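> Take this sequence and fold it.
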Amino acid sequence: MDYMQDKIRVITEQLDALRVAGKEPLDGFVCCPAPYKTSNRPPEGPWTPWDRGESYQGKDAHYWFRRRFTAPEARPGQALYFQLETGTESGWDAVSPQGILYLNGELVQGLDIHHRRALLEPGREYDLAVYLYTGMSEVSGRFLADLVWLDRETEALYYDLKVPLDASCCLKQGSREYWQILNALDGAVRLLDLREPGGERFRSSVAEARDYLRREFYEKACGGGAPVVHCVGHTHIDVAWLWTLAQTREKAQRSFSTVLRLMEEFPEYRFMSSQPQLYQFVKEEAPELYAQILQRVREGRWEVEGAMWLEADCNLTSGESLVRQILYGKRFMKEEFGVDSRTLWLPDVFGYSAALPQLLRKSGVDRFFTTKISWNETNKLPYDMFLWQGIDGTEIFTCFGTARDLPRPDESDAYTTYVCNTEPRMVLGTWERFQQKAYSDHTILTFGYGDGGGGPTRHQLETQRRTAYGLPGCPRTEISFTSDYFALAEEGFQRQALATGRVPRWVGELYLEFHRGTYTSIAKNKRNNRRCEFLYQKAETLAVLAGALCGLPCPREALREGWRTILLNQFHDIIPGSSIHEVYEDSDRQYAELFAQGGALAEKALGAIAGQVKQQGLLVYNPLGFSRSDLVEHQGRRYWAEDIPAMGWKVLTPEDAPCGVQAGERFLENSRYRLELDERGGISSLFDKAAKRELCRPGRRLNELLVYEDFPRDYDAWELSAYYKDKHWEADPPVSWEICSEGVRTGIRTVRHYGRSVITQTMFLYGRLPRIDFETEVEWHQRHQLLKAVFPLDIHAAQAAYEIQFGHVLRPTHSNTSWDAARFEVCAHKWADVSENGYGVSLLNDCKYGYSAEGGTLTLSLLKSATYPDPEADQGRHAFTYSLLPHAGDFRDGGTIRQGYCLNQPLMALPAPGGGTLPDHFSLASCASPGIVLETVKPAEDGDGLILRFYESFGRRWDASITLGIPFSQASVCDLMENPIPCPELRISGQEITLPVRCFDVVTLRISPAL
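Now for the predicted structure:
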């Protein structure tokens, strides 16, 4: 920085101090501690006088402060503000004390470390109240209220000088643009008279200097053909994280009210916010604030976008849940705001499933935005603007946010952020980081503080007013909506792609090389989510059945409410396991309610059916979309149920049947396998009789329970660092062995210790099922230790298959490239598989997601037990099952997909008294094609008929024929939003609907039952 920059900087600092024309304390407040507010009115009391020197204390605590006064007058050219400071302004905005300001009973704006001032009307009488929240940590803060007078013209000159001065610091010293800026600023400061700050000569010189800059700099030197950085006003609010859902309700009120308040001062200010869940919170908590948002939406000042109900995790969430995230999100935006959302907005989610492009396209969402992939710790993606191709071939126009400060010479340029400002350094850094400059002159920057930081600030808006001119050497900025940006970006992208024939394209998942521990942390939530997803799908199907056959009214709203709670807990810091302990206490209560209510809905519907069948016996219901033979549990006993129809029932007479499994002290054997255990409880031999091959790699054991040291380099609950493999221990040998015979299955139960933890596991073989189940109970009391089940299989496979939503992906089992090596832990749903030509083995689970495969070794992560942000993470009791499924051929031939469903969705049974009119066996819907999975039957959202959804699971083409068990008058194809779409290939013959499907196709039908 040369002397001219120094001179201008010093003068600018003087102006910064002179912006405040006056300040006086506002004392005389009274205070009342309070719980979470139930209305927007202060409580009755008791109120006590508050001294300016006092401090408030507490974790997760609230205080009301109140004062009545008449606002003093202000001099011409000055504005009067209420200002609040708490003494915590140097802290992190997300967890620092935050408040809501009320003026004369009206919720006016939020107060936080970035938004300390609120505009007042001079001479007006005020009843001023502040509802202050301390945060989730023990804090000591103060309540320092003042009245502040700002000089508008002095402040304007400050920004006129400061913003281009900051821009000059980003440019090459001595360049043409550098001197364009400094010469103009030097000319302005020479006109400034600082001899009597605040006097008439000073004020006159301020106006003269501003006029000079306008004429000689902003109008002459700026602009030109500069590229455009689209500045989108935004506040990213985590629905829960280091705070609870109750606090998020307040954060949304604070942030949204602050946005509305600033819109009154800055007419050019426009704002975008995603997540209907937040709007729903505001609608419930502050209806008058919600009405103001609706008005700004109608005026074109507030953009509602994002597609999903909230910014959900896209690794762990099931395919049907992803559909509901978009369905519920888009319907809310349409019904509440009249907006058809077209952009999936997920700036902070920890990886993106290859199933997403198809789900988006079939939901009317054709654009996708994120920044999180820039957090990769190994590889930088080659594109920031590209077509993203999913597993079925669907492509979605995708843009990554490239916002960042200009990097230092020794700093990587990979990382970008979604919590941005409008400073020249970030505006220029955003453009420089953008990799597709050949395709577009448009990039995007989301400015505003998130997580309770209140969104954009006056400072950011004033700064953007100057960068909007296109400062020399810098891009021009525009305050835009995301829709404005995407329209311009896509137009340029398509034009250049058409002209050159070169199309940036990324095929497959957008795997985040970071936060791999989120596949495993807080195991109970992942289990509860999986169970609730299946429970509510089952309850919906049963509601359709009981309605069509028994006339039972559909509990439509109860089902929707249950799904909304499921979707809420799929937020990208809840289900990944990266929130504080109190968040999971809330989740525990919500899941308990879901199980009780969903279970009651399912039992009521099935009870209505069981009460109306002809035959007396045990009615066994199969919630899955294919017929199956499986065990069923009733009144503590397990029976074999043969050929239970798809999405239907069969009435049986329970009979004990031979198990067909032999068991000894350390062996199990049936017609398929012989399994031998060694003294440590591992499987020393697993012999497949039909294939005549040993599956255990020589010198190793299957089902090794290994514990790894887990101290990641950062982000404890989120992360799993590759060096975790450097150190591990095995669980102790069993202290007890027991043979367990349970009718249709026999197993060996072992109890093992590790540290202060106890692992009880029963390995079951079945006479008629091909699986080997490992039913496991763990009393876990370790920290920073990762428990895995390891299967070193004698299989040679260069890649492994993993189930994802509505399909599967293939990933390498080697580390040939840095991209391969980075996938040392990956996400899968119900199964993973390694196969060589003609034979393979699948590893199934009922609630786990973290897998790895190295060569023929498959591992499943069971428990992680981090200590931040939840010091009690994964402590206590866990129950889960994983299974081994050897098979001939590949996983398609071996029935892996169906066995994965069977493990997760057991048969259901109720006694049937007989004497009714319904048949003793019935199928609502079925498909003969083995690769077609009937996933969902539900009531249509608009109440007109029912919705049936299936997908192609093998990765091949079929003519799919769906047979319905109820008469129907009409069937048509629709999109995932349940809107009709043409399908001339659809054919109907009697009760059968046939249509062609492609690889991994997700197909939705609307069925109108015959009256």
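> The worst-scoring helix or strand of the chain on mean pLDDT packs against which elements?
The helix or strand of the chain with the poorest confidence is strand 139-142; it has a mean of 88 (mean pLDDT, DSSP states H and E). Judged by 3 or more C-beta pairs under 8 Å, 6 or more residues apart in numbering; DSSP states H and E, strand 139-142 is in contact with strand 55-58. (Each C-beta comes from the backbone N, C-alpha and C, glycine too.)
> Could you pull up phi and psi at Glu825?
Main-chain torsions, Glu825, degrees, to the nearest 10: phi -140, psi 130.
> what's near enough to touch it?
Taking C-beta atoms under 8 Å, 6 or more residues apart in numbering as the criterion, Glu825 is in contact with Arg516, Tyr519, Leu720, Gly850, Tyr851, Ser852, Ser861.
> Could you do Asn845 as well?
Per C-beta under 8 Å, 6+ apart, neighbours of Asn845: Lys830, Trp831, Leu860, Phe880, Thr881, Tyr882, Ser883, Leu903.
> Sort out for me which of those are in strands.
Cross-referencing the contacts of Asn845 against strands under DSSP state E gives Trp831, Leu860, Phe880, Thr881, Tyr882, Ser883.
> Please identify which pair of those residues lies farthest apart.
Spanning the widest gap among the ones in strands among the contacts of Asn845 are Trp831 and Phe880, at 14.3 Å by C-beta to C-beta.
> Between those two, which is the more surrounded one?
A count of neighbours by other C-beta atoms under 10 Å puts Trp831 above the other of Trp831 and Phe880, at 25 against 21.
> Low-confidence ranges, this protein, go.
Flagging of the chain using pLDDT under 70 yields the residue ranges 1, 1011.
> Give me the most central residue, it.
Nearest to the mean C-alpha position of the chain, by C-alpha atoms, centre = their mean, lies Ala312 at 2.3 Å.
> And that one, how close does it get to Glu299?
30 Å (C-beta to C-beta, to the nearest Å).
> Quick check: Pro712 touching Ser721?
Yes - contact criterion C-beta atoms under 8 Å: Pro712 and Ser721 qualify, at 4.3 Å.
> So for these two, which sits in the more crowded spot?
Using other C-beta under 10 Å, the more surrounded residue of Pro712 and Ser721 is Pro712, with 21 against 18.
> a helix runs through Asn525, doesn't it?
Yes - according to DSSP: H, G, I helix; E, B strand; the rest coil, Asn525 belongs to a helix.
> For it, give me its contacts.
Asn569, Ile574, Ile575, Gly577, Tyr584, Ser587, Tyr591.
> and which of those residues is nearest Met977?
Asn569 (23.0 Å).
> I'd say that closest one and Ile575 touch.
Yes - here Asn569 reaches Ile575: they are 6.1 Å apart, a contact under C-beta under 8 Å.
> what sits in contact with each of those two?
Asn525, Asn529.
> quick one on the thing from earlier: can I have the buried ones of the contacts of Glu825 as a PyMOL selection?
The buried residues among the contacts of Glu825 can be selected in PyMOL (16 or more other C-beta atoms under 10 Å) with this line:
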select buried, resi 516+519+720+850+851+852+861
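> Reformat the contacts of Glu825 as TSV; add secondary structure.
Formatted as TSV, the contacts of Glu825 follow (three-state DSSP):
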residue	secondary structure
Arg516	helix
Tyr519	helix
Leu720	coil
Gly850	strand
Tyr851	strand
Ser852	strand
Ser861	strand
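> Let me know how buried the residue lying closest to Leu161 once chain neighbours are set aside is, in neighbour terms.
What sits nearest to Leu161 in space, not counting adjacent residues and going by C-beta to C-beta, 6 or more residues apart in numbering, is Thr12, at 5.0 Å. Using other C-beta under 10 Å, Thr12 is surrounded by 20 other residues.
> residues in contact with Thr12?
Tyr158, Leu161, Lys162, Leu165.
> what's the answer for Gln785, then?
For Gln785, the contact set (C-beta under 8 Å, 6+ apart) comprises Val707, Tyr708, Glu709, Asp710, Gly755, Ser865.
> Format those residues as a markdown table; extra columns: distance to Gly681.
Shown next, in a markdown table, are these (distance: C-beta to C-beta, whole Å):
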| residue | distance to Gly681 |
| --- | --- |
| Val707 | 14 |
| Tyr708 | 18 |
| Glu709 | 22 |
| Asp710 | 23 |
| Gly755 | 16 |
| Ser865 | 21 |
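> For ChimeraX, what selects the buried ones among these?
For the buried members of the contacts of Gln785, the matching ChimeraX selection, counting by 16+ other C-beta under 10 Å, is:
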select :707,708,710,865
